[in-house]
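A.B. asks: Quick check, what structure comes out for this input:
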Amino acid sequence: MTLWFTSDLHLGHANIIKYSSRPFPDVDAMGRALVDGWNDVVEPTDEVWVLGDFALGVIGATLPMAGQLHGRKYLLSGNHDRCWSGHGARAQPWVERYRDAGFHEVHQGQLELDVAGTDVLACHFPYTGDSHDKDRYVEARPPDRGQWLVHGHVHERWRQRGRMINVGVDAWAYRPVSADALWELMAAGPTDLAPLSSIVNERS
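C.D. replies: Just a heads-up that it's a prediction; the model follows:
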């Protein structure tokens with residue numbers, strides 16, 4: 001069993017193609033590529049943590065795409081997930097819908113996970129930084145107490161910044177990243193790394 005991480009698929013979100021310069025002509029092509037990229041590396045017996053922002057668009061069509069994805073899936077919700085507690089009371093009925101769609105568990109906020117034998121903090125949000133020019137959702141961010149953090153939210157802004165590792169699809173060529181790969185980055189120490197070049201672009 002391999003442990004994987006990913007975030008910010010934004011399935012069904014047409015504008016993300018433009019906002020994050022994704023190499024897809026439309027949301028249907030993006031959805032197919034993200035599902036194929038996931039299933040190329042994840043086995044049915046693996047576990048995958050999705051650190052938020054899984055599906056947007058017509059949610060009745062995009063959320064069920066979770067059922068097409070290999071592995072046992074855990075969601076740590078982000079600001080674009082309808083089940084995110086930051087949306088208040090209206091989020092609670094969505095938790096069961098995300099489970100019905102294929103998520104084994106749905107979590108909120110932040111938690112500690114074992115990444116190749118190392119306790120690592122996980123949250124949708126980084127300590128600092130944003131996909132926009134100003135930090136948003138400051139109240140939802142974890143305090144920086146010197147721990148390694150795996151996160152999403154920033155899209156193509158970075159793959160690693162110091163002790164923050166962005167597991168979003170825009171930073172990892174539109175595929176999940178393994179716990180072993182994250183451990184290698186942590187073992188190498190804090191640094192700054194740009195997103196990987198797109199596998200989609202390399203194939204075209």
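A.B. asks: C-alpha only now, for contacts and for neighbours.
C.D. replies: Noted.
A.B. asks: State the distance from the closest residue to Thr191 other than its chain neighbours to Ala61.
C.D. replies: In this structure, Thr191 finds its nearest non-sequential neighbour in Gly162, 4.7 Å apart by Cα to Cα, 6 or more residues apart in numbering. Separation of Gly162 from Ala61 (Cα to Cα, to the nearest Å): 37 Å.
A.B. asks: try Val42
C.D. replies: Going from Val42 to Ala61 by Cα to Cα gives 22 Å.
A.B. asks: who has more neighbours, these two?
C.D. replies: Per other Cα atoms under 10 Å, whichever of Val42 and Ala61 has more neighbours is Val42, with 24 against 12.
A.B. asks: number of nearby residues for Arg136?
C.D. replies: The burial count for Arg136: 14, using other Cα under 10 Å.
A.B. asks: should've said Leu69
C.D. replies: Neighbourhood size, Leu69 [other Cα under 10 Å]: 20.
A.B. asks: which residues touch it?
C.D. replies: Taking Cα atoms under 8 Å, 6 or more residues apart in numbering, we find Leu69 in contact with 35, 38-39.
A.B. asks: and of those residues, the nearest to Asp180?
C.D. replies: Asp180 has its nearest neighbour among the contacts of Leu69 in Trp38, at 16.4 Å by Cα to Cα.
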